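could you look at this predicted model? Sequence included:
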Number of protein chains: 2
Amino acid sequence: MDAENEQQNGTPAAADATGTRGAVSRRAVIGWAGAGVALGAAAVGSVAAATRQDDAVPVAAPVGAEVPFYGEHQAGISTPVQDRLHFAAFDVSEKATRESLVKLLKEWTKAAAAMTGGREVGTGAVPGSPEAPPDDTGEALGLPASRLTLTIGFGPSLFEKDGVDRFGLQAKRPEGLIDLPNFKGDKLDPTRSGGDLCVQACADDPQVAVHAIRNLARIGMGTVNIRWSQLGFGKTSSTTPDEQTPRNLMGFKDGTHNIAGTDGAKLADHVWAAPGDGPEWMTGGSYLVARRIRMHIETWDRASLKDQEDTFGRTKGEGAPYGKGKEHDAPDLAAMPATSHVALAHPDANSGLMILRRGFSFTDGTDGLGRLDAGLFFLAYQRDTRKAFVPLQQKLAASDKLNEYIQHVGSAHFACPAGVRKPGEWWGQALFG
Amino acid sequence: MDAENEQQNGTPAAADATGTRGAVSRRAVIGWAGAGVALGAAAVGSVAAATRQDDAVPVAAPVGAEVPFYGEHQAGISTPVQDRLHFAAFDVSEKATRESLVKLLKEWTKAAAAMTGGREVGTGAVPGSPEAPPDDTGEALGLPASRLTLTIGFGPSLFEKDGVDRFGLQAKRPEGLIDLPNFKGDKLDPTRSGGDLCVQACADDPQVAVHAIRNLARIGMGTVNIRWSQLGFGKTSSTTPDEQTPRNLMGFKDGTHNIAGTDGAKLADHVWAAPGDGPEWMTGGSYLVARRIRMHIETWDRASLKDQEDTFGRTKGEGAPYGKGKEHDAPDLAAMPATSHVALAHPDANSGLMILRRGFSFTDGTDGLGRLDAGLFFLAYQRDTRKAFVPLQQKLAASDKLNEYIQHVGSAHFACPAGVRKPGEWWGQALFG
């Protein structure tokens, strides 16, 4: 637990901002004692101690609810998929510099380590003065870590935007971090696409995920702005084979043969960038494609069961491949309609190509025509997007029967670096350092 | 469990629509066996039996996860507040008649009884023909009831719209179902306000709540259209005093002294319409006010802790009233700033006025200015809105310090009738019957 001190020592700027630093559990309460109580640093109510940085005694996060932040790979990729998502894409603001961006990434790393550990951002206690805003917005006080993971990615525009190398990163852009091609049928909304940076927050409690994105946005004020964000209310993919396969909003299981988070060989082959794949700073990282896929729910709901099952190549109830009895039976691709989703997307029909899917269902109210604005927020991690998502989506865009019922309306591509291995390191250090 | 049969016998129209009727648990799987298997009613794969209505053998819903649908009052009001919300306001379509509306309400009632019981809409098994759409959209298959409640309400416009009595209900409009007055500071979006009908779906699993609204919308196709809907990701009020008080997105506890769902005396005084209060059909019902309250998150997050605590009249960490140590200590209203939310809203400052709050936090992505579109979807139930929400909100709109940080952007008012007491009865029977 010296970790916290080391890490904090790595970000003196943040420590300076509030005067005091300590690490307390989110189960501890913060509070300014308010009227009727003498004002001052001693009036801390039920907070046990708002210690200085060098006195910090971090409290352990709740057992079983914490996903380790530090590691070879970023958490939130092979991690068992949590129940809820808040995803945000950020743009770096015009006045920001390479230096302010590095400062932010250090602060973000520190905040991410705290929040994924079930602790508050900053001191977690009173600020230096009641006249200052609290370090943490507070809505997750009292909530456990809830398996929160925060995963960062860097978009193509961070390396070069309109031909300008804003942050001296152009030479470090991975060849694999392509501008995604246009796919047939795409109807992309630019305000829901792209982004210089992204953070994927996954947690079992949406309040914890929303809290995390909001506090990162707040820390980033003046340096980055949220470009778009997406809440996902239910996972549609699992990386845990023993778990019941979740259903998408079409009522189908569509993640049966996902890469397991425990399958080191498949992860190495299909998910983690290896030495020689691209720039060294991406080794151990992964490429993330995010697609907002709107479902034409009302049309789908009027389709016959046979048509629905022909579309996926699976039975609706059990999720069994056509002509088979059980979900996990090996599919006979020749037995299903040639344009069914499984027949086109299965690894056996794509020279073994696999992506790690981590998508979530969304519903964002109703559109102007009284139709549910709902669908799948598709998230997929891969070792090389050019050899995975791109050829797969080109094929699906051309032929998938599912296209009658869906439309891709948002798109983004990010390079997610390797993990922060230990306290003191920071998100993007290998890229910027 | 004869209930299911009785209920179904009460809605012959729905039974006619699909040909077969049976009640199966949502844990049973549906499925059309698909290609390679002979087509026909016998090819039911792993479905045990798709029985006719008169043979139905309903399966018990999962223990502990089901809130009874039938009762003196509608569930979803005094029921312990579930974790998630999907709320929908519907307008009756132009071509609908009183008869088609009654038919819909009967079908909805039947579907609501099934879904709150953890069962699928309709047979829950294969349709009469694979050429027909499934009765149920399927995305909640395998999920437990998750304490789902569905609560219906009737808006002022159902009784009279632009001076027209579309459904012969004008004379039955409760005097208490007023058109809400304009409040100072309101900036209401008409596309997020009003509605002829509403359904509040609350559940511990958002997939279950979304599934319920979607299937009701689907059943209503041609008769009603969704006017607007709202997803709530985290409750901000509790009706269970033993439970930890949840926090809103400002990081504060703001439901400490809510009416307990077990407090029969307070419910009778403040929540349930009594004989003589209005039309007989509303006896045992309650009036629901829904307000979409946008929070100016970024401004709030820059406010000092003292300013934040002055705004609520509570400490942020513990949630204690000003000058007190614990959340549940009786507040000394004179000790807190006169414009603080607690000082203005507390029952002691309002002749004992109380409302039952059932609000949820929402975040709907980002607005065009990069700010989180987030806040509180306020839901309050009361015996008489004219004596409860209206005077309270007039006072708050005039003076509440919180107004610096919030804006009411959506508004609706509904009369929620008494409960459906037994199978065979239906939502709105006392109003239409």
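Yes, it's here.

where along chain A do the strands fall?
Under the criterion DSSP state E, chain A contains strands at A:84-92, A:149-154, A:197-203, A:224-232, A:234-235, A:286-295, A:356-357, A:360-366, A:372-382, A:406-416.

buried deepest among these, which one?
Ranked by mean neighbour count under mean count of other C-beta atoms under 10 Å in any protein chain shown, these are led by strand A:197-203, which reaches a mean of 28. Just so you know, the C-beta spots here come from the backbone N, C-alpha and C atoms, and that holds for glycine as well.

which elements pack onto that one?
Using 3 or more C-beta pairs under 8 Å, 6 or more residues apart in numbering or on different chains; DSSP states H and E, the elements in contact with strand A:197-203 are strand A:84-92, strand A:149-154, helix A:206-219, strand A:286-295, strand A:406-416.

now find how far off-centre the second one is within its chain.
Distance, stretch centre to chain centre, for strand A:149-154: 6 Å (C-alpha atoms, centre = their mean, to the nearest Å).

next, count neighbours for A:A273.
Using other C-beta atoms under 10 Å in any protein chain shown, A:A273 has 25 other residues around it.

do A:K106 as well
Neighbours around A:K106, by other C-beta under 10 Å: 23.

I'd say it and A:W426 touch.
Yes. Contact criterion C-beta atoms under 8 Å: A:K106 and A:W426 qualify, at 4.6 Å.

out of everything not next to it in sequence, what's closest to A:L188?
In space, and not counting its chain neighbours, A:L188 is closest to A:S411: 5.3 Å by C-beta to C-beta, 6 or more residues apart in numbering or on different chains.

can you pull the pLDDT of the one you found?
pLDDT recorded at A:S411 is 98.

now do the one 4 residues further on
Confidence per residue is given as pLDDT, and for A:A415 that number is 98.

beta partners of it?
A:A415 has these beta-bridge partners by DSSP bridges: A:F154, A:Y287.

thought it was touching A:S157?
No. The pair A:A415 / A:S157 is not scored as a contact, 11.8 Å apart, by C-beta under 8 Å.

please name the residues that touch the closest residue to chain B within the stretch 151-300 of chain A.
When scored by C-beta to the nearest C-beta, the stretch 151-300 of chain A has A:G251 as its residue closest to chain B, at 2.4 Å. A:G251 sits next to A:308, A:316, B:134, B:136-139, B:141 when contact means C-beta atoms under 8 Å, 6 or more residues apart in numbering or on different chains.

nearest to A:F69, of these?
A:F69 lies nearest to B:E139 out of the contacts of A:G251, by C-beta to C-beta, at 32.7 Å.

still on that earlier bit, now the residue of the stretch 151-300 of chain A closest to chain B. Its backbone dihedrals?
Main-chain torsions, A:G251, degrees, to the nearest 10: phi 80, psi 10.

from B:L141, how far off is it?
Look at A:G251 and B:L141: by C-beta to C-beta, to the nearest Å, they are 7 Å apart.

how about the helices in the stretch 251-400 of chain A?
A:264-270, A:297-302, A:305-312, A:341-345, A:389-399 (DSSP state H, counting those that start in this stretch).

any idea how far the fourth one is from the chain center?
The chain centroid and the centroid of helix A:341-345 are separated by 26 Å, computed with C-alpha atoms, centre = their mean.

which residues does that helix contact?
Residues from elsewhere that reach helix A:341-345, judged by C-beta under 8 Å, 6+ apart: A:254, A:311-314, A:321-322, A:331, A:333, A:336-338, A:349, A:392, A:395-396, A:399-402.

just the C-alphas of that helix, formatted as PDB.
Extracted in PDB, the C-alpha atoms of helix A:341-345 (Å, rounded to 0.1, in the frame of the first residue of the first chain):
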ATOM      1  CA  HIS A 341     -24.800 -13.300 -39.000                       C
ATOM      2  CA  VAL A 342     -23.200 -16.500 -37.500                       C
ATOM      3  CA  ALA A 343     -22.500 -17.900 -41.000                       C
ATOM      4  CA  LEU A 344     -20.600 -14.700 -42.000                       C
ATOM      5  CA  ALA A 345     -19.000 -13.800 -38.700                       C
END
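
pull out the buried positions in it.
Judged by neighbour count (16 or more other C-beta atoms under 10 Å in any protein chain shown), helix A:341-345 contains these buried residues: A:341-345.

among the strands of chain A, which is nearest B:S129?
Of all the strands of chain A, strand A:286-295 sits nearest to B:S129, with 24.1 Å by C-beta to C-beta.
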